[in-house]
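Asker: next come a sequence and a model predicted from it.
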Amino acid sequence: MSVEAVRLKQNITCYAWQPDKPKAKKGHLIFQTNMWRKTGPRRGHSREVSVLRRARLAVWAHDYVFLSPTRTSTTLVFAAPNGTIEGGSTSTDVPGESKQFVSHISTIACNVDLEFIDDILTIGNYPSHGDRTVPINTLRDIMVTQPNSTVDKTIRYDPENNTEDTLNELALWMTVAPITNGVSVEGTQPLYDYKRNELPVHVTTPASGGPNDKWDFSYIENFISVSIGASAIGDSSSWSIGDDHKVNITSHLSQPKLDPSRPLVLIIPPAIILLSAIVLLMCNLRLYRQARLPIMRLATLSEILKSSQTTSLREAAVSEMQRPDNPSGLEQLVIKFEGLGNGLWGLEAYNEHQRLLGEQELYSRNPSTITTDTLGYEGYSH
């Protein structure tokens, strides 16, 4: 028999490749990727990935490109710390603090080119005469969501009438199957153990691994192909039997947030601020009580005018006012907030020798402009 179906056309090519020198962070190796862009659909991808410092095979996505609405090419990187990938590139350039765990890293890159195409699957000997094939599924039967749509609405794939319809996002999901089918340990990229004549084994623990030098191109290429097939079968087998016949593949975008595992640490900064405010308040209350100040007063303009109506300060101001052609010399005064007797408080003016200003000193500072009548008047007022 022959059936019409959608085929995942694969082209996997691996080659020796060496990434930039990794960084060390929180006991992990940090590798840079080309997945992130400032604008466009790549804004949600990661700039860097974390890899455990263990003798296992790690995998991550380094870059991708949409070649057509139904075709995507992704570059996967496979790295074997303290191991060997036959034909790969080996580097000993690792961060200093990680050298006690990792002496070298063997890496390769694999371009995974995947395209959705309509094809005919023939089982057994199909006669060549005019018998029609059995349609199972076609590209036009695939339901897609409009890009950048805020409405959860799917339509049939129709690139002729809807130019925004694409399947390359779905193809991207398929090309990274070795990552999505893996297990993340401590928030790092998936790790695999080598197993001869079988698929590699998922690593679910950060414990040290065993020998890591049996990897080669053909083994890894076969692993990628089987992972893609497993993803396709798993997704298609989960299709509902109802009328919608759709599979939802959900993407999760990581957002920076506070670490909920350390709530007590987050309490420390506001606690220090509150404690400092309480200490400052208690010190102010104690000082006011010792000085017998009647009330806490702010340094507003009205309060300053109220407190500046003392004899020494008014005399100093009058003295300076009598010299309109000279700059003010009030900045040389020392101002103190003191008790004036009879329960009164105000600002007193002192000279540079901490001596309270009086009439004689004001007269000596400006004998040409201050008259005896003025001083007498001020003295009478006092």
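Answerer: Arrived safely.

Asker: show me the helices in the stretch 151-300 of the chain, by range?
Answerer: 168-175, 177-180, 217-237, 263-291 (DSSP state H, counting those that start in this stretch).

Asker: in the longest strand belonging to the chain, what counts as buried?
Answerer: The strand that spans the most residues within the chain, counting by DSSP state E, is strand 105-122. For strand 105-122, the neighbour count (16 or more other Cβ atoms under 10 Å) marks 105, 106, 107, 108, 109, 110, 111, 112, 113, 114, 115, 116 as buried. Yep, even glycine has a C-beta here, placed from its N, CA and C like the rest.

Asker: from those residues, which has minimum pLDDT?
Answerer: Across these, the bottom pLDDT score, 88, is held by residue 116.

Asker: my read: that residue touches residue 169, true?
Answerer: No - assessed by Cβ atoms under 8 Å, residue 116 is found out of contact with residue 169, at 11.4 Å.

Asker: in the chain, what helix or strand scores lowest on average pLDDT?
Answerer: Ranked by mean pLDDT, DSSP states H and E, the weakest helix or strand in the chain is helix 372-381, scoring a mean of 36.

Asker: circling back to that earlier point, mind giving me the packing neighbours of the longest strand of the chain?
Answerer: Strand 105-122 sits against strand 2-16, strand 57-68, strand 71-81, strand 89-91, helix 168-175, helix 217-237, with contacts defined as 3 or more Cβ pairs under 8 Å, 6 or more residues apart in numbering; DSSP states H and E.

Asker: kindly recompute the last result at 7 Å.
Answerer: Counting contacts by 3 or more Cβ pairs under 7 Å, 6 or more residues apart in numbering; DSSP states H and E, strand 105-122 packs against strand 2-16, strand 71-81, strand 89-91, helix 168-175, helix 217-237.

Asker: mind giving me the domain split of the protein?
Answerer: Domain ranges of the chain: 2-237, 257-291, 296-381, per automatic domain parsing.

Asker: would you mind finding the most buried of these?
Answerer: With neighbours taken as mean count of other Cβ atoms under 10 Å, those reach their highest mean count in domain 2-237, at a mean of 16.

Asker: chain center to that domain: distance?
Answerer: The chain centroid and the centroid of domain 2-237 are separated by 24 Å under Cα atoms, centre = their mean, to the nearest Å.

Asker: one step back: after the longest strand of the chain, which helix or strand is next? Please name it.
Answerer: Later in the chain than strand 105-122, the nearest helix or strand by DSSP states H and E is strand 134-135.

Asker: quick one: strands adjacent to that following strand?
Answerer: Strand 134-135 pairs in its sheet with strand 2-16 (parallel), by DSSP bridges.

Asker: what's the partner strand in contact with?
Answerer: Around strand 2-16, the neighbours that count as contacts under Cβ atoms under 7 Å, 6 or more residues apart in numbering are 87-89, 108-122, 126, 133-139, 174, 217, 220-221, 224-225, 228, 232.

Asker: quick check: angle from that strand to helix 217-237?
Answerer: Put simply, strand 2-16 runs at 140 degrees to helix 217-237, going by axes from the mean of the first three to the mean of the last three Cα atoms, to 10 degrees.

Asker: what's the following helix or strand after strand 2-16?
Answerer: strand 23-25.

Asker: any figure for the gap between residue 271 and residue 123?
Answerer: Residue 271 sits 72 Å away from residue 123, going by Cβ to Cβ, to the nearest Å.
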